[in-house]
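Visitor: here is a sequence with its predicted model. Questions after.
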Amino acid sequence: MFGQILYTQWKWSRATLAIATVIVFALPVLAVQPVGRALGPWQAMEILQDVSSWSGWFALSAMMLGLLAATVAWSSDHKGRHVYALSLPLPRWHYVLLRYGAGLVLLAAPLAALWIGSLLATASVTLPAGLRTYPNALALRFALAALIAYSTFFAITAATTRTAGYVLGILAGLFALQLLLVASGLGVNILEGLFGYLTTWPGPFEVFTGRWMLIDV
Amino acid sequence: MSRRLPVGWHAVVVVTALTRPLAIPLPACAQESVPTAAEYRQRTERLVELWRQAEAAAQRAESVLIAQTAFDSTRVGPFIYVTRGPASPKEREGMRLVQARLEAVLGSNAAGLPTFTMFLERRGVEGPRPVQLSTQIRVAGYLDSEPAEVIADRVISEVATPVHQLVDQALRDWVGLFPLGPMPEWAWQQVYVDLVTSRATVTRLCFVGSIEACRRALVLERVEAPATAWYDSTGRRWAVGTMSSWDIPRPLRHLQTTCTADGSDASCLELLRALDQRYVPRPLQNPASLLHVSLRLGGAGAFERLMSDPTAPLATRLAAAAGMPADSLIVAWRDTVLAHRPAAQTITRRSGWAAFAWILVLVVVATRSTRWRLG
C-alpha cells in the first residue's frame, strides 16, 4: 500500500521536485560565490555579511519546499473529493500517515541535494583564518525547517476545504482586528505578540529565524 | 507598614515657587514699560533663591516621610544600602558580591571609594522611594526572580562612572569605562569576533599569532601614523567610509568621496593623516579585555601596581599589574580571547528537539482533523 501511494505521489510531483532539488542544490553554491571572488585575505567581515545575506533564501526555500510537498500530497485527493481514500479499507489516520510518509520520502531528495551542495560549496572555497564552514549544521537546520513547513501545510491541507477556510478566516480576522486596533490608536499589537510566540523558542517556527550561516566564526 | 509617598506633591511646591515672582505686583510704571536687563537679573536671582528654598523644603518633607517609612540601611564597605524593611538574604548576598568584586579589582583601594547610598528596589513592588528628591541616592532595581549576582551587577553599573573618575587620564582614554567585575561571556565572544573580522591588518595578524601585531592592535603605545600602522588600503577605505562627514573639516570632505567612491588610497591616506587620531577607528573595539586579564592574573595588589606610576607606558603598567612581562600578558590575553569562540549560528539542541516535537504534534493534528465527507 505504501509503495503504491509513494509511486503515485512521485508521479504527480517528480517534475516540480526535480526543479526544487536543483534550486536547493544551487543555493549554497551561490551563497559562497563572493568568497571565491577577488576578496582580500583579511576581508572576513565582508564574507560573513555576504553569506548572511543568503539567510532569507534558505528559510524561504525550506518553507516553499514544505508547501510544495504538502500540496502535492493532497492535490489529487482534493480533486477526487476523497472518494479514493474513503473507498479504501483503511482508517482515516492510517491513510493520512501513508500520505505523510510518502511526502517525507520524496522530500529526502531535495534535502540531500542541499546537503551535498553545501559540502561541495564549502570544499571549493579557501577561507581566511578564523572562519569555518558548517555544511552539516546548515543541512540539518534546513531539513528541520522544511519538515516543520511540510507538517504544518500537510495538517492544513489534510482537512476539508471548509477547515482550511476556517484557518484562513481566523488569520484574516486577526489582521482585520489588528487594523482596527491600529486605527483606534489603542497601541495594542496582537500580531506582533503572536508572531513572537510562533518564532521564539519553543514556538514551531523558531528554526526559521536568525542567520543561516554556511560560513561563520 | 510603609506609607506611600505622594508622588508629585513636591513638584507642586516647586512650580508654585517658580510662578510666585510672576504674581508679585509690579509698580504701575514698570507694568507699562519694558523691564530692563537689571530687573530681569533680579527676577532670575529671586527665582533661583525660591527654587533652592523649595528644594530644601521638599527634602525636609521627604525626610519626614522616609523617617516614617520602614526603610532599613546596611553599610557594606564604602556603600550604604537602603532597603524597604530589613534587607533580604538575597540582597545581603548581592551586597557581599559587590564588595568582593570591588576588592578583587581594586584591592585595598576599594575601601577608599567615595561613599554612595544605594537604594535596592524590588521592581513591581509598590512603595515609597527615598530617591524622589534626593539625587545623592542611586537606585539599583531588580526583579524578584533575579539572583543576587544581578543585584551586584546593577549596583556595580551604578557606581562605574564615579569609580572611573578615580583613575588617571591616560588609562581612562585607553580603556573607556574602567571595568569593575568580570567581563560577561558575550563581551569576550565579541572580542573574538572582532579579532577575526576586523578590517585592521594588525588585528587579523594578531589573530593568526603575531604578538607584536597584538600589541599594536591594543594600541598600547602611541602610534604616529595609524592609517598605515593599522590598516592596508582596503581597511583605510573602510575606515574613511565609517567617518561622519561632520567630523571632517569642509575643505577635506572631497577626499572622503574620492577615497570611498573612487577607491583612491592616496586620498584615504591624505585624509587620515590630516585628521586627529581619535577619528581613526581603533583596530580593536574593546582593549579593556586586556585590563581584565591583567588584573585577574595579577591577583591581590594588581590595581595598586597598575596605578603606582601613571606616567609609565601602558604596556609597562599592565605588565606590572599582571606581574609578568608585557609579551607574556599579551599571549595570555590572546589565549583567553581564543578560548571564547562563540558557538556558530546554527540550531541549538533544544531548538532541534522543539522542532521535532512540533512535527509530531502537527502529524497528530493531521490524523485527527475534520473527517472528509462525500458531497
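Guide: Yes, it's here.
Visitor: quick one: B:Val280 from B:Pro251, how far?
Guide: Note on B:Val280: its distance to B:Pro251, by CB to CB, to the nearest Å, is 19 Å. (C-beta placed from N, C-alpha, C; glycine too.)
Visitor: what ranges do the helices span in the stretch 201-350 of chain B?
Guide: Here the stretch 201-350 of chain B has its helices, by DSSP state H, counting those that start in this stretch, at B:201-208, B:211-217, B:226-230, B:233-242, B:253-260, B:265-274, B:288-298, B:302-307, B:314-322, B:326-338, B:349-368.
Visitor: which one of those lies closest to A:Gly103?
Guide: A:Gly103 lies closest to helix B:349-368 among these, at 10.7 Å (CB to CB).
Visitor: list the buried ones in that closest one?
Guide: Neighbour counts over helix B:349-368 (16 or more other CB atoms under 10 Å in any protein chain shown) mark B:351, B:354-355, B:358-359, B:362-363, B:365-367 as buried.
Visitor: repeat for stretch B:93-104
Guide: Residues of stretch B:93-104 classed as buried by neighbour count (16+ other CB under 10 Å): B:93-95, B:97-99, B:101-104.
Visitor: stretch B:48-60 too?
Guide: Quick answer for stretch B:48-60 (16+ other CB under 10 Å): B:50, B:54-55, B:58.
Visitor: redo the residues you listed as TSV? Include pLDDT and distance to chain A.
Guide: Formatted as TSV, the buried residues of stretch B:48-60 follow (pLDDT from 0 to 100; distance: CB to the nearest CB, whole Å):
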residue	pLDDT	distance to chain A
B:Leu50	93	39
B:Ala54	89	36
B:Glu55	83	36
B:Ala58	79	34
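Visitor: just the ones of those in helices?
Guide: The helices, defined by DSSP state H, take in B:50, B:54-55, B:58 from the buried residues of stretch B:48-60.
Visitor: of these, which is the nearest to A:Gly80?
Guide: Within those, proximity to A:Gly80 (CB to CB) peaks at B:Ala58, which comes in at 81.9 Å.
Visitor: where does the stretch 1-150 of chain B dip in pLDDT?
Guide: Low-confidence segments of the stretch 1-150 of chain B (pLDDT under 70): B:1-32, B:62, B:65-69, B:130-136.
Visitor: brain fart, chain A
Guide: Using pLDDT under 70, the flagged stretches of chain A are A:36-42.
Visitor: how about the helices of it, start to end?
Guide: Ranges of helices in chain A, per DSSP H, are A:2-31, A:33-36, A:44-52, A:55-79, A:83-87, A:92-123, A:135-157, A:161-184, A:190-199.
Visitor: circling back: more neighbours: B:Val280 and B:Pro251, which one.
Guide: In this view B:Val280 and B:Pro251 are compared by other CB atoms under 10 Å in any protein chain shown, and B:Val280 has more residues nearby, 24 against 8.
Visitor: check contacts around that one.
Guide: By CB atoms under 8 Å, 6 or more residues apart in numbering or on different chains, the contact set of B:Val280 is B:226-227, B:230, B:239, B:272.
Visitor: over to B:Asp153?
Guide: B:Asp153 is in contact with B:Gly181, counting by CB under 8 Å, 6+ apart.
Visitor: tell me which element it is part of?
Guide: helix B:148-164 (DSSP states H and E).
Visitor: touching, B:Leu180 and B:Val105? I think so.
Guide: Yes - the pair B:Leu180 / B:Val105 is scored as a contact, 5.6 Å apart, by CB atoms under 8 Å.
Visitor: compare these two (neighbour count), which wins?
Guide: A direct count of neighbours by other CB under 10 Å for B:Leu180 and B:Val105 places B:Val105 higher, at 23 against 20.
Visitor: helices or strands up against the helix or strand where B:Val64 lies?
Guide: Using DSSP H and E, B:Val64 maps to helix B:37-68. Applying 3 or more CB pairs under 8 Å, 6 or more residues apart in numbering or on different chains; DSSP states H and E, we find helix B:37-68 packed against helix B:9-23.
Visitor: who in the stretch 151-300 of chain B is up against chain A?
Guide: Residues of the stretch 151-300 of chain B lying close to chain A by CB under 8 Å from any CB of the partner chain are B:192-193, B:195-199, B:201, B:204, B:207-208, B:232, B:234-235.
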